[in-house]
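Trainee: A predicted structure for the sequence below; I have some questions about it.
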Amino acid sequence: MTHAPSPPDRWRLLRYCAYALAAEGGVQALYQAVIAYGPGIAVENGALELLQIAVALAGGAALVAAGAVTQRGLTAIAFCAGALLYAAAREADLWFEQVAFDDAYKYLAGVPIAAAAAAVAWRDRRRWAESLEWTAHPASVFFLCGGLQVVVAAALFDRSRLWDSIENSVQADRVKRLVEESIELSGYLTLAAGACELLITCRREAAAASRAARQTDSASHAAADDSPPAAVAA
């Protein structure tokens, strides 16, 4: 199935600048928060973790919205959306444990998310190759960088041996959590930016396809109106 190409995106560079300015503002806000409240903002279910959940949910919602307006590469969109929504549930693991049981997020959130993504992939099985087209989209760079921050960099700084040189073990644990949660937040923000870029592209392609369909219909109606009337049989 072919898709209507979207017109050149003249605002992409401006959006990238906006992302960079937003990141700088976030860094400054985080610095001021640490100065004011100390590393305690990174505790479980603290301000940083709640912000991570909000950003991951926003990114997942943007990808769900993108999948609702396009038929291209739905498998990739579904799995990326599922990964972000599952990440949000993982960050809220303590809340799930308080209202249900240990590791409840894996079953109460993870199973439905995985089932939904698998269902989309099954319906889209004849067009799995189209998912590879998204690797050429700028959003794939955002997803790669954000994923590396969340999965690799944050996990690296979570290792206790990196903080053994700090004599105060309580303070070392607080700083470790602050660094880890800050890197994860940066990764989620990067993933959410990629989700926004993908949503914008899908909406532009949908609008271009709609315009092309309307033009085709108009041309068909005009041709029908211009055609000579059929001869009436004697």
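Mentor: That came through, no problem.
Trainee: Alpha carbons only: can I get stretch 32-46 in PDB?
Mentor: In PDB, the C-alpha atoms belonging to stretch 32-46 read as follows (Å, rounded to 0.1, in the frame of the first residue of the first chain):
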ATOM      1  CA  GLN A  32      17.500  24.700  41.100                       C
ATOM      2  CA  ALA A  33      15.400  21.900  42.600                       C
ATOM      3  CA  VAL A  34      18.500  20.000  43.800                       C
ATOM      4  CA  ILE A  35      19.900  23.200  45.400                       C
ATOM      5  CA  ALA A  36      16.500  23.900  47.100                       C
ATOM      6  CA  TYR A  37      15.500  20.400  48.200                       C
ATOM      7  CA  GLY A  38      18.700  18.300  47.900                       C
ATOM      8  CA  PRO A  39      19.000  14.800  46.300                       C
ATOM      9  CA  GLY A  40      15.800  13.700  48.000                       C
ATOM     10  CA  ILE A  41      13.800  14.700  44.900                       C
ATOM     11  CA  ALA A  42      15.000  11.400  43.400                       C
ATOM     12  CA  VAL A  43      13.500   9.100  46.000                       C
ATOM     13  CA  GLU A  44      11.000   6.400  45.000                       C
ATOM     14  CA  ASN A  45       7.800   8.100  43.800                       C
ATOM     15  CA  GLY A  46       9.500  11.400  44.200                       C
END
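Trainee: So which residues make contact with that stretch?
Mentor: Outside stretch 32-46, the residues that touch it by C-beta atoms under 8 Å, 6 or more residues apart in numbering are 47-49, 92, 94-95, 171, 174-175, 177-178, 180-182. Every C-beta, even on glycine, is put in place using the N, C-alpha and C of the backbone.
Trainee: any idea of the mean pLDDT for it?
Mentor: Taken as a whole, stretch 32-46 carries a mean pLDDT of 82.
Trainee: Sort out which residues of that stretch are buried, please.
Mentor: Under the neighbour-count criterion of 16 or more other C-beta atoms under 10 Å, stretch 32-46 has V34, P39, I41, A42, G46 buried.
Trainee: Mind checking which of those residues are in helices?
Mentor: Residues of the buried residues of stretch 32-46 located in helices (DSSP state H): V34.
Trainee: Out of the buried residues of stretch 32-46, the closest to P138 would be?
Mentor: A42 (30.9 Å; C-beta to C-beta).
Trainee: that older thread, could you flag which of the contacts of stretch 32-46 are buried?
Mentor: Listed as buried from the contacts of stretch 32-46 are L48, E49, A92, W95, R174, V175, R177, L178, E180, E181, S182; burial here means 16+ other C-beta under 10 Å.
Trainee: ok, back up a step: now render the contacts of stretch 32-46 as a markdown table, adding secondary structure.
Mentor: Below are the contacts of stretch 32-46 laid out as a markdown table (DSSP: H, G, I helix; E, B strand; the rest coil):
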| residue | secondary structure |
| --- | --- |
| A47 | helix |
| L48 | helix |
| E49 | helix |
| A92 | coil |
| L94 | helix |
| W95 | helix |
| Q171 | helix |
| R174 | helix |
| V175 | helix |
| R177 | helix |
| L178 | helix |
| E180 | helix |
| E181 | helix |
| S182 | helix |
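Trainee: among the buried ones among the contacts of stretch 32-46, which two are most distant?
Mentor: Farthest apart among the buried ones among the contacts of stretch 32-46 by C-beta to C-beta are W95 and V175. That separation is 24.6 Å.
Trainee: wait, what's in contact with C196?
Mentor: Here C196 is in contact with R15, G59, A62 (C-beta under 8 Å, 6+ apart).
Trainee: Which one (most neighbours) among the residues you listed?
Mentor: Highest neighbour count within the contacts of C196: G59, with 31 neighbours (other C-beta atoms under 10 Å).
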